[in-house]
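> coordinates only, sequence not included:
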Ligand code: GTR
């Protein structure tokens, strides 16, 4: 077989494929400071597909759920650029003034619930500060956010690291920890892959983390002890009132309030990150709070990045019965009637535009529907385009372990199962380097 070759400057011949590969790397590196970054240098690799053996195993183990592409129902996604009254949305002003508000109301009323409109005051207590963390590269703080209404207080802790000795301001990453609280000492001692504070600092970002259950207990019957009951003076939640995902996202905004007071942090460059239920939260947090510059959802699945209408893996019926405290009551009524939802999850991505969104799936996490997570990011593209931003439009999924970054959106599917780890963080920070630095 003949291979195309080209001549180098010193006269030796190199195969064309190698040259193309090298050129792609150079182009990707050169563009990475520009606005529109396009990098998927491994496009020649096979697009991701679910492992047939895994599909078979899951289908046998959980017969009531669908794991087969051939059984995904036919559906039509609601058009983010057509208003409820059928009016096409053709300008950025129409989007901002009409459609965005409409979609926010629909998501608040049908999916995540409405946040209370009650005034409160907010203050922060510094419990501890360590100025010379990791041989002096960072300052660590153990903090408490204090939410006050009259003489009543609701308090939740968070931990923050700020790089030392840097010129100018740094971007930051707020991590919503849905598993456990990582105290300052522990975060210093161990670089926990779930929140690798040291790695994030080394990459040039400040970072903060809080635990969801400290804000609103992640239990069916946890309501009385959380921020939602605090705001409602103990009264039970109304059908369309906010639920835990929205409450956790609200808390991410309170941590952002604190970051705005830290002069070393550029609060216009803050990413909100979450895994699984935390990833559902980070997306909605960025919809509710336009100060977040980037949202990262990792393996967020149903009610997060994945399209509900695909009903692949976890479904609306299942999630709302297993976790009734996550979504407002109307969402449960769309069980097995997903096509009647007035919205779908691609519109969550659209609501974050023109800011940035990064979605990550994992190969073995079919419960979270990787294909549905990717498809919803792509289906948000017309809104990014209307707002003058580039985003992923390629409908074919990238290959395994091959991040795809286009303009303000990024995606990867990592080998392995449900989880947030080193590879996810590194790829995500590569993305934030392109959009925030
Ligand atoms: C699962 C749930 C998912 C996901 C996950 C998690 O049990 O079905 O929606 O959120 O929990 O948060 O780890």
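Ah, there it is. Remember, predicted model here, so these are calculated numbers, not experimental data. Numbering: from 1, shown residues only.
> tell me which element residue 394 falls in.
Under DSSP states H and E, no helix or strand contains residue 394.
> Could you list the buried residues of stretch 90-110?
The neighbour-count check on stretch 90-110 (16 or more other Cβ atoms under 10 Å) flags 94-95, 98-100, 102-104, 106-110 as buried. Yep, even glycine has a C-beta here, placed from its N, CA and C like the rest.
> Would you mind measuring the gap between the ends of that stretch?
Start to finish, the residues bounding stretch 90-110 are 25 Å apart (Cα to Cα, to the nearest Å).
> gap between it and the chain center?
20 Å (Cα atoms, centre = their mean, to the nearest Å).
> List of residues touching it?
Residues from elsewhere that reach stretch 90-110, judged by Cβ atoms under 8 Å, 6 or more residues apart in numbering: 80-81, 83-84, 87, 89, 114-115, 240, 284, 287-288, 328, 330-331, 334, 341-343, 347-348, 350-351, 383, 386-388.
> let's go with 7 Å and repeat that
83-84, 89, 114, 240, 287, 330-331, 341-343, 347, 351, 383, 386-387 (Cβ atoms under 7 Å, 6 or more residues apart in numbering).
> Break the protein into its domains for me.
Here the domain parsing of the chain from automatic domain parsing is 1-45, 70-436.
> picking up where we left off before, turn the buried ones among the contacts of stretch 90-110 into a named ChimeraX selection, would you?
Paste this into ChimeraX to select the buried members of these, with burial taken from 16+ other Cβ under 10 Å:
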select :83,89,114,287,331,341,342,343,347,351,383,386,387
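> Just the contacts of stretch 90-110: which are in helices?
Those of the contacts of stretch 90-110 mapping onto helices are 287, 330, 331, 347, 351, 383, 386, per DSSP state H.
> need those in CSV with pLDDT and distance to residue 236, can you?
What follows is the ones in helices among the contacts of stretch 90-110, written out as CSV (pLDDT from 0 to 100; distance: Cβ to Cβ, whole Å):
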residue, pLDDT, distance to residue 236
287, 99, 26
330, 98, 16
331, 99, 18
347, 99, 29
351, 99, 29
383, 99, 36
386, 98, 41
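> Export the residues you listed to a markdown table and append columns for distance to the ligand.
Shown next, in a markdown table, are the ones in helices among the contacts of stretch 90-110 (distance: Cβ to the nearest ligand atom, whole Å):
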| residue | distance to the ligand |
| --- | --- |
| 287 | 18 |
| 330 | 18 |
| 331 | 13 |
| 347 | 19 |
| 351 | 20 |
| 383 | 25 |
| 386 | 31 |
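> okay, now residue 302: neighbour count?
The burial count assigned to residue 302 is 28, neighbours taken as other Cβ atoms under 10 Å.
> same check, this time on residue 163
A total of 21 residues lie near residue 163 under the criterion other Cβ under 10 Å.
> quick one: contacts for it?
The contact partners of residue 163, by Cβ under 7 Å, 6+ apart, come to 137, 138, 170, 201, 204, 206.
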